[in-house]
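Undergrad: got a structure for you, letters missing:
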């Protein structure tokens, strides 16, 4: 661990940030602690706050040989502070794709599952104004828009839990000074100085820009302004969606003339949120449709065509061409997606009815549709029926409620238009 440094300032202000964020909260909370200065300061501040029962978690990504011993050091610190500690291990990295992004996604999923199992009301993270500024620079390099450049949210729902970031107005230097003043040490992760990572380059760029006034504090303030603009745009997009969106048997319909009349940013937001809604995805929980892909889809829609994106199929053909855009689930995206009877399937449907040994819920598909002679009575196009839930026992079709073959079973939607609003307000 890095030895304590000369005392700094800001301890009282840091404590006030914790108090102001949580208020009278008394429900148990989890704290994510890697051992670095930001998370170690968060641990000490939260333990000193004493407003709720606490439990700490460290995720070992198994990417560095030192990770296990660092987790053990965090556990020892927690024991000294009287805070229970758990270590979670990420073991399913397949070596494909962007490693930092995959590790981040896995970390949040592991912690959310841990919080649910422990009955925690949320997870507290140690992100600072420096993180906000570094992220803004990284996203500038990717030509991000308002949403990408906006500040991290102090509270955010993800994977069924709430992420808390009470230190977004704090500087990393203040947190290190706080630790030093209390004789507390921290771990310096060598990857933070690895030039192969974009965040390291962003941190160095900030140091270069500081003499002209473009420092972490200034960029964090800009990101906060953009966050206010994002919230305003989300508010009006939700209002427009309420005006033009309806649900038809699990598909999302957007009134075509109303959609075409929207300003481009409003249309993009509603389309992106609609894709999340139809796919059963949670905002921020996984890869969303990329900006250039949304642009190409909007161009196709403007030309009277449709397309596929993010596991969804968008059409404006058939009898409803002049009236609606239809956003439906893509059958090809449902390979291997199964659930037990009564459990949520694909985040969209829940089948209910008599239990059958060995039965499972999966997509109906073209072969199943061929066994449903009355499927057209639903008013859904064939591709929507193919992506609808069905109960199977091996290769035997037991029920397809949306396909006109209920056989004593029912399909209940897991989402309604309120969830579309939630997607818009959090996307």
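TA: Looks like it arrived, so ask away. Since we're looking at a predicted model, the values are computed, not measured.
Undergrad: Run through the stretch 101-250 of the chain and note the low-pLDDT ranges.
TA: 189-195 (pLDDT under 70).
Undergrad: 80 instead, please
TA: Counting by pLDDT under 80, the ranges of the stretch 101-250 of the chain that qualify are 101, 189-199.
Undergrad: ranges for the helices of it?
TA: 129-141, 146-149, 172-181, 198-209, 216-244 (DSSP state H, counting those that start in this stretch).
Undergrad: quick one, the first one and helix 198-209 angle?
TA: This points to helix 129-141. Interaxial angle of helix 129-141 relative to helix 198-209 (axes from the mean of the first three to the mean of the last three C-alpha atoms, to 10 degrees): 100 degrees.
Undergrad: Residues contacting helix 129-141, please?
TA: Defining contact as C-beta atoms under 8 Å, 6 or more residues apart in numbering, one finds that helix 129-141 is touched by 38, 148-149, 151-152, 168-172, 198-199, 202-203, 205-206, 215-220, 222-224. Yep, even glycine has a C-beta here, placed from its N, CA and C like the rest.
Undergrad: orientation of that helix relative to helix 216-244 in degrees?
TA: Counting by the same axes, to 10 degrees, helix 129-141 lies at 60 degrees to helix 216-244.
Undergrad: Would you mark the buried spots in helix 129-141?
TA: The neighbour-count check on helix 129-141 (16 or more other C-beta atoms under 10 Å) flags 129-139 as buried.
Undergrad: How about the second one?
TA: Of the residues in helix 146-149, 147-149 count as buried by neighbour count, 16+ other C-beta under 10 Å.
Undergrad: Can you lay out those residues as JSON lines showing distance to residue 385?
TA: Formatted as JSON lines, the buried residues of helix 146-149 follow (distance: C-beta to C-beta, whole Å):
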{"residue": "147", "distance to residue 385": "34"}
{"residue": "148", "distance to residue 385": "37"}
{"residue": "149", "distance to residue 385": "41"}
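Undergrad: related to what we said a few turns ago, and which of the buried residues of helix 129-141 is nearest to residue 383?
TA: residue 139 (35.2 Å; C-beta to C-beta).
Undergrad: which secondary structure element contains residue 70?
TA: Taking DSSP states H and E as the criterion, residue 70 maps to helix 67-81.
Undergrad: what lines up beside the helix or strand that that helix is followed by in the sheet?
TA: Later in the chain than helix 67-81, the nearest helix or strand by DSSP H and E is strand 85-89. Note on strand 85-89: by DSSP bridges, its sheet partners are strand 54-60 (parallel).
Undergrad: Touching the partner strand from outside, list them.
TA: Strand 54-60 is contacted from outside by 28-35, 43, 46-47, 67-68, 70-71, 74-75, 78, 83-90, 106-107, 110-111, 114, 118, 120, 123, using C-beta under 8 Å, 6+ apart.
Undergrad: Domains in this protein, by residue range?
TA: Split into domains by automatic domain parsing, the chain comes to 11-223, 244-331+417-426, 334-413.
Undergrad: got JSON lines for those domains, with distance to residue 233 too?
TA: JSON lines is the format used below for the domains of the chain (distance: least, C-beta to C-beta, whole Å):
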{"stretch": "domain 11-223", "distance to residue 233": "7"}
{"stretch": "domain 244-331+417-426", "distance to residue 233": "6"}
{"stretch": "domain 334-413", "distance to residue 233": "25"}
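Undergrad: which residues touch residue 40?
TA: When the contact criterion is C-beta under 8 Å, 6+ apart, the partners of residue 40 are 33, 74, 77, 179, 184-187.
Undergrad: mind running it again at 7 Å?
TA: Applying C-beta atoms under 7 Å, 6 or more residues apart in numbering to residue 40 gives the contacts 33, 179, 184, 186.
Undergrad: Which residue comes closest to the second one once chain neighbours are left out?
TA: So that's residue 179. residue 41 (5.3 Å; C-beta to C-beta, 6 or more residues apart in numbering).
Undergrad: Ramachandran angles for the one you found?
TA: Per-residue torsions, residue 41: phi -60, psi -40 (degrees, to the nearest 10).
Undergrad: picking up where we left off before, and the helices of the stretch 101-250 of the chain as TSV, adding distance to residue 250?
TA: What follows is those, written out as TSV (distance: least, C-beta to C-beta, whole Å):
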stretch	distance to residue 250
helix 129-141	34
helix 146-149	27
helix 172-181	47
helix 198-209	39
helix 216-244	17
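Undergrad: so which of those helices comes closest to residue 314?
TA: helix 216-244 (14.7 Å).
Undergrad: can you give me the angle the closest one makes with helix 172-181?
TA: Using the same axes, to 10 degrees: helix 216-244 against helix 172-181 is 120 degrees.
Undergrad: Distance from the chain centre to helix 216-244, please.
TA: 17 Å (C-alpha atoms, centre = their mean, to the nearest Å).
Undergrad: Please apply the same query to stretch 176-184.
TA: With C-alpha atoms, centre = their mean as the basis, stretch 176-184 stands 33 Å off its chain's centre.
Undergrad: What of stretch 129-141?
TA: 18 Å.
Undergrad: likewise stretch 152-172?
TA: The answer for stretch 152-172 is 12 Å, by C-alpha atoms, centre = their mean.
Undergrad: List the buried residues for it?
TA: Within stretch 152-172, the residues that count as buried by 16+ other C-beta under 10 Å are 152-154, 156-159, 161-172.
Undergrad: and residue 397, how many neighbours?
TA: Using other C-beta atoms under 10 Å, residue 397 is surrounded by 21 other residues.
Undergrad: Strand partners (parallel or antiparallel) of the helix or strand containing it?
TA: Residue 397 belongs to strand 396-399 when assigned by DSSP H and E. Paired with strand 396-399 in the same sheet, following DSSP bridges, are strand 389-393 (antiparallel).
Undergrad: Residue most distant from the centroid, the chain?
TA: What lies farthest from the middle of the chain is residue 373; by C-alpha atoms, centre = their mean that is 40.0 Å.
Undergrad: Distance check, that residue against residue 68.
TA: Separation of residue 373 from residue 68 (C-beta to C-beta, to the nearest Å) stands at 60 Å.
Undergrad: same deal with residue 186?
TA: 17 Å.
Undergrad: With neighbour numbers in mind, choose between the two.
TA: More crowded of residue 186 and residue 68, by other C-beta under 10 Å: residue 186, with 27 against 13.
Undergrad: pretty sure residue 61 contacts residue 90?
TA: Yes - if you go by C-beta atoms under 7 Å, residue 61 and residue 90 touch, sitting 4.7 Å apart.
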